[in-house]
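Peer 1: Return a 3D structure for these sequence lines:
(chains A, B, C and D)
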There are 2 protein chains.
Amino acid sequence: MHKGRRMHRHQQAIRERKSREKDQRIQGILAAAKKVFFSKGYVRTTMDEIAFEAQISKPTIYQYFKTKDELYSSLMLPFLEEFGSRFERIEKKLKNGKYATGRDLVKDIFRLFIRCYEHAPDSMRVANTFFQHQDLISQLSQEARSAISGKGKYDFQIARGVIETAIAQGLIKDIDSYALSDIIWGIFLGLTQVMDMKSTKQGSTDKYLKSTLRLAERLLVDAIVQE
Amino acid sequence: MHKGRRMHRHQQAIRERKSREKDQRIQGILAAAKKVFFSKGYVRTTMDEIAFEAQISKPTIYQYFKTKDELYSSLMLPFLEEFGSRFERIEKKLKNGKYATGRDLVKDIFRLFIRCYEHAPDSMRVANTFFQHQDLISQLSQEARSAISGKGKYDFQIARGVIETAIAQGLIKDIDSYALSDIIWGIFLGLTQVMDMKSTKQGSTDKYLKSTLRLAERLLVDAIVQE
DNA sequence: CAAGCATTTAACTTATAGTTAATTATTTAA
DNA sequence: TTAAATAATTAACTATAAGTTAAATGCTTG
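Peer 2: So this is what the prediction gives:
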């Protein structure tokens, strides 16, 4: 009986390691893919190059990702998750009555966007480019599609919930929360893109993006904060 | 002598017709390309299908457009031109002192975006997706690249000029005109994209986009108009 | 009618996504 | 220690699409 139980624990441990290794492999592929997709763009990225970058063979990639599209889309998930969890923190703070003014709330929301951008600017760009490929989304496997659009919808929802709570608390003016949350997302998405359009090179862009976001924040505060 | 002159005029007329026909051919290709690119997206669009849609053969396309990328990018030009000329009209009106309030000016700017969107929503979307393909731009022929980026820069400039003039006239508050014009472009670009993200289907989107834009307009007016 | 032009046809080359089967290496369980 | 299972690699393959080419066709002009 003892032996049987030890055995079982051993197998358990092995399964854990295997799953860990599998995860590492997937992470390795994702990291390589992100690097190549970001530097070359979707169209000019080849699976062979990703395999080379990840130091594995091409069929191995296909063992973990059905298609190029699916690999590309998978880069979105961790990013959307980070957005969501950061929003959740703001939501918690808001529900605990930690925001004295709407200004503070808006400041935190903008800080969230900037942090996400700073934390992973390449992911951010990949995310932005992803949304242009509407046609890709529909081609994904059911699984991948529902995972991504689910996370995306969740992020939208939680952002809207934050706005609604803020309105209920009288922190910001009574405005259509759907539209307002779309506007805030839109400002951020649009601004990062405008920046990318204007300067082919990077570098000084980040600083300018941040100062422009600060102005956008100020304008938004002027427009929506309840005095 | 008479005969020689008539001859010359005749040749001239023929050259004109030829150039007109050439232009028609190009327009036909562009129209077909726009249709296919918009319905299928860049990746899944084939040159054979564009040729079929335009009712010409594939090599003929390559007579007018070096590559698929260049054809894709060329769809941008008329769009950027329309933007520019609409902005020029606003600029003229502004310089003639036709705007009594900043609110009227902002309203016209938003109307401009909505008109461009209504007039050619597919171009608008193509334009949006175009800017994600940073990698495409660098691959274009010198000619195509400078034409597009030139027009794009011009549009940015004229928008900024309008804002500066409005500030000088005391219609809107004294705000960094570069940043403010980026924010306005960003709102529009971002919002159309957020809309595209949220609804895979179209239809009701347009109405919702317009009402959201109206809210954005109101917020912007509240934030930047000088009272 | 002959010369010049744009267009088409039909083939081709090249690149890449995606797949497969045989082989090799590694790990596990007895 | 060894047989079985697992995972990866190799090296091929298919299919599709971009881009090219040359010869043939037809239309316009002089």
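
Peer 1: contacts and neighbour counts: CA atoms only from here.
Peer 2: OK.

Peer 1: Flag the shaky bits of chain A, pLDDT-wise.
Peer 2: Applying pLDDT under 70 to chain A flags the ranges A:1-15, A:17-18, A:121-122, A:125-145, A:196-205.

Peer 1: Tell me the residues of it that contact DNA strand D?
Peer 2: A:18, A:22, A:25, A:55-60, A:63 (CA under 7 Å from any atom of the strand).

Peer 1: Spatially central, which residue of chain A would that be?
Peer 2: Centroid check for chain A by CA atoms, centre = their mean gives residue A:79 as the closest residue, at 2.4 Å.

Peer 1: isn't it right next to residue A:115, touching?
Peer 2: No - shown here, residue A:79 and residue A:115 do not form a contact pair, counting by CA atoms under 8 Å, at 11.8 Å.

Peer 1: so which of the residues of chain A next to DNA strand D also contact chain B?
Peer 2: Of the entries in the residues of chain A next to DNA strand D, none also sits close to chain B under the rule CA under 8 Å from any CA of the partner chain.

Peer 1: Out of those, list just those in strands.
Peer 2: Residues from the residues of chain A next to DNA strand D lying in strands, with DSSP state E as the criterion: none.

Peer 1: thinking again about what came up before, the residue nearest to the centre of chain A: which element?
Peer 2: Applying DSSP states H and E as the criterion places residue A:79 in helix A:76-95.

Peer 1: May I see the buried residues of that helix?
Peer 2: A:76-77, A:79-81, A:83-84, A:86-88, A:90-91, A:94 (16 or more other CA atoms under 10 Å in any protein chain shown).

Peer 1: Would you reformat those residues as TSV and include distance to DNA strand C?
Peer 2: Shown next, in TSV, are the buried residues of helix A:76-95 (distance: CA to the nearest atom of the strand, whole Å):
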residue	distance to DNA strand C
A:76	17
A:77	19
A:79	22
A:80	23
A:81	25
A:83	28
A:84	29
A:86	33
A:87	34
A:88	35
A:90	39
A:91	39
A:94	44
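
Peer 1: Most neighbours among the residues of chain A next to DNA strand D, please name it.
Peer 2: Neighbour counts for the residues of chain A next to DNA strand D (other CA atoms under 10 Å in any protein chain shown) peak at residue A:25, which has 17 neighbours.

Peer 1: any idea where the helices of chain A begin and end?
Peer 2: According to DSSP state H, chain A carries its helices in the segments A:2-40, A:47-54, A:58-64, A:68-74, A:76-95, A:102-119, A:121-132, A:134-139, A:142-168, A:177-198, A:204-224.

Peer 1: Just name the most buried of those.
Peer 2: Of all the helices of chain A, helix A:177-198 has the most neighbours on average by mean count of other CA atoms under 10 Å in any protein chain shown, namely a mean of 22.

Peer 1: Remind me what that helix packs against, helices and strands.
Peer 2: If contacts are counted by 3 or more CA pairs under 8 Å, 6 or more residues apart in numbering or on different chains; DSSP states H and E, helix A:177-198 sits against helix A:142-168, helix A:204-224, helix B:121-132, helix B:177-198, helix B:204-224.

Peer 1: so, in contact with chain A or not, the last one?
Peer 2: Yes - if you take CA under 8 Å from any CA as the test, helix B:204-224 does meet chain A, through B:212, B:215-216, B:219-220, B:222-224.

Peer 1: What about DNA strand C: which of those residues touch it?
Peer 2: Near DNA strand C, by the rule CA under 7 Å from any atom of the strand, you find none of those.

Peer 1: Now tabulate those residues in CSV and tack on distance to residue B:190.
Peer 2: What follows is the residues of helix B:204-224 next to chain A, written out as CSV (distance: CA to CA, whole Å):
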residue, distance to residue B:190
B:212, 12
B:215, 14
B:216, 12
B:219, 16
B:220, 15
B:222, 20
B:223, 19
B:224, 20
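
Peer 1: just curious, which of the residues you listed is nearest to DNA strand C?
Peer 2: Nearest to DNA strand C among the residues of helix B:204-224 next to chain A: residue B:212, at 36.6 Å, using CA to the nearest atom of the strand.

Peer 1: Excluding residues flanking it in the chain, which one is nearest that closest one?
Peer 2: Once flanking residues are discounted, residue B:212 sits nearest to residue A:179: 5.3 Å by CA to CA, 6 or more residues apart in numbering or on different chains.
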